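Visitor: predicted model and sequence below, questions to follow.
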Amino acid sequence: MNPADPERVIAAARDWLGTPYHDQASVKGVGCDCLGLVRGVWREVVGDEPLPLPRYSRDWGETGTREPLAEVARSVMFEVPVTEMTPGALIFFRMRAGAVAKHCGIVSAPDRFIHAYERTGVIEERLDSAWRRRLAFAFLFPSPS
């Protein structure tokens, strides 16, 4: 298994720009949340989704000893240190100190990322210090099989 072409990942993510926010949805142009965006990019770049995703809580302050999203990503993607993330990487954020990583996006340039956010939908924005200090995990999409 090799990593997917990062330009293909970024192009697929940019196709979702402007999609309205809709909790637990994944339909380009209609609605998605941050994980729905990633699921849509996966379908376009890699193929069928490898695992069914359970419903998940919107509580960004949730704490626990497990990292469910990172565990799933780890089983089907290449994990890289956040300090070595590159464009095309899937990144996870902890929105509060000590919380489970529950927000995600895709790095589109060394200082930019694409994500779905409540009230804004899918946007591309600066990966500034406020976002960088929340980084928890980074993964590379696999190439299609």
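Guide: It's in.
Visitor: where along this protein do the helices fall?
Guide: Along the chain, counting by DSSP state H, helices occupy 6-14, 34-45, 68-76, 129-132.
Visitor: dump those helices into JSON lines; add mean pLDDT and mean neighbour count as well.
Guide: C-betas here are computed from N, CA, C, even on glycine. Formatted as JSON lines, the helices of the chain follow (pLDDT from 0 to 100; neighbours: other C-beta atoms under 10 Å):
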{"stretch": "helix 6-14", "mean pLDDT": "98", "mean neighbour count": "19"}
{"stretch": "helix 34-45", "mean pLDDT": "97", "mean neighbour count": "22"}
{"stretch": "helix 68-76", "mean pLDDT": "92", "mean neighbour count": "16"}
{"stretch": "helix 129-132", "mean pLDDT": "97", "mean neighbour count": "11"}
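Visitor: format those as CSV; extra columns: distance to Leu90.
Guide: Below are the helices of the chain laid out as CSV (distance: least, C-beta to C-beta, whole Å):
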stretch, distance to Leu90
helix 6-14, 8
helix 34-45, 6
helix 68-76, 7
helix 129-132, 14
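Visitor: pull the residues that contact the worst-scoring helix or strand of the chain on mean pLDDT.
Guide: Within the chain, confidence by mean pLDDT, DSSP states H and E is lowest for helix 68-76 among all helices and strands, at a mean of 92. Helix 68-76 has contacts (C-beta atoms under 8 Å, 6 or more residues apart in numbering) with 35, 50-51, 53, 56, 79, 90, 92, 100-102, 104, 136-137, 139, 142.
Visitor: who wins on neighbours among the residues you listed?
Guide: Greatest neighbour count in those, by other C-beta atoms under 10 Å, goes to Leu90: 26 neighbours.
Visitor: is that residue in contact with Cys104, as I believe?
Guide: Yes - contact criterion C-beta atoms under 8 Å: Leu90 and Cys104 qualify, at 6.2 Å.
Visitor: which residues are in contact with each of those two?
Guide: Common neighbours of Leu90 and Cys104 (criterion: C-beta under 8 Å, 6+ apart): Val38.
Visitor: residue contacts, Ser65?
Guide: In this structure residue 65 is Thr, not Ser. Neighbours of Thr65 in contact, by C-beta under 8 Å, 6+ apart: none.
Visitor: gap between Arg43 and Pro144?
Guide: To Pro144, Arg43 is 11 Å away according to C-beta to C-beta, to the nearest Å.
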